Structure formats: structure tokens, C-alpha cells
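J.: Structure, please.
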Amino acid sequence: MGSEEQKLENKLPFKTTASYFNSKANGNKKRTWKSLKQIISSEKTLPWPEEAILYSSINAPPSFRPPEKFSDLSGLPSTYTDPATRLRYANKEEYATISGLPMDITAGYLALRGASSIVG
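T.: Model (predicted):
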């Protein structure tokens, strides 16, 4: 065993030099990956203390970034909003389509997005 291998074994006592330097030390055993559904179902079967943090109990705080806006017609990311109808659009072709829409269809698009309807 060389001095480099001895230093590595002293730093990382949980690793053996055979498994670190020789990739065939583990045999031909392939690593199996579990899906999130499998992980959550296996967590439910085991007894856990009350204060344990599990995949099913993780609560993320709300994001500080503003939500991304998408076009009401195509679903593409958009930066434009029609001031008359308040519909979002991604390019000039969509704007031409929006400007020709009747008010009931415009109100329907706004209702799908969850925005309040047009007052006018």
C-alpha cells in the first residue's frame, strides 16, 4: 500500500482502498434507482420518530422570485400584455389574433388564467 493510499484511508476511514481505487471491487453489481413514489411508500412502512424529516413531510417556503408569465394563447413565455384586453402574448402574430377576438372569448381566456374579467 502506497503512502497516498494510506493518507486517503486515514482521511476517509469508512472507505477502503480497494473500493476507492478499484472499480471492480464491488463486482458487477449495478446500482438500482428508486422513484420518488417508491421512496415515499417505503418511508410509510417504517417506524420513524416524530421529529424525523421525510420526503413526504418536506414543506418548502414560497419562492422569492416572481412567477413566470406565459402567453394565454400558446403557452410560450411572454413579456407582453395587451392593455385593452389584459391578455398576455408572446409575439406579433398572437397580438394580431388577440386584437381580433370577441369580448366573450377574451373573458374566457382571462377566466382560465384566473384573472378578473374585463370591466368596460
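J.: Off-centre distance for stretch 77-84?
T.: 25 Å (CA atoms, centre = their mean, to the nearest Å).
J.: buried ones in that stretch?
T.: Ser78, Tyr80, Asp82 (16 or more other CB atoms under 10 Å). Just so you know, the C-beta spots here come from the backbone N, C-alpha and C atoms, and that holds for glycine as well.
J.: now Glu93: how far from Glu51?
T.: 56 Å (CB to CB, to the nearest Å).
J.: pretty sure Ile98 contacts Asp82?
T.: Yes. Counting by CB atoms under 8 Å, Ile98 touches Asp82, with 5.3 Å between them.
J.: Between these two, which contacts overlap?
T.: Tyr89 (CB atoms under 8 Å, 6 or more residues apart in numbering).
J.: how about the helices in the protein?
T.: For the chain, the helices defined by DSSP state H occupy 3-11, 17-21, 36-45, 92-99, 103-113.
J.: Glu93 and Glu51: who's more crowded?
T.: Comparing Glu93 with Glu51 by other CB atoms under 10 Å, the one with more neighbours is Glu93, at 11 against 5.
J.: Show the contacting residues for that one.
T.: Here Glu93 is in contact with no residues (criterion: CB under 8 Å, 6+ apart).
J.: shaky segments in this structure?
T.: Scanning the chain with the threshold set as pLDDT under 70 gives 1-29, 117-120.
J.: repeat that with 50
T.: 17, 19-23 (pLDDT under 50).
J.: if I look at Leu112, how far off is Ser71?
T.: From Leu112 to Ser71 the distance is 12 Å (CB to CB).
J.: Please apply the same query to Phe64.
T.: Phe64 is 24 Å from Ser71, where distance means CB to CB.
J.: who's in contact with Lys34?
T.: Applying CB under 8 Å, 6+ apart, the residues near Lys34 are Ser42.
J.: thinking again about what came up before, between Leu112 and Ser71, which is the more surrounded one?
T.: Between Leu112 and Ser71, counting by other CB under 10 Å, Ser71 is the more crowded of the two (18 against 9).
J.: Hmm, that one is touching Tyr89, no?
T.: Yes. With contact defined as CB under 8 Å, Ser71 reaches Tyr89; the gap is 5.4 Å.
J.: any shared contact partners between these two?
T.: Counting by CB under 8 Å, 6+ apart, the common neighbours of Ser71 and Tyr89 are Ser78.
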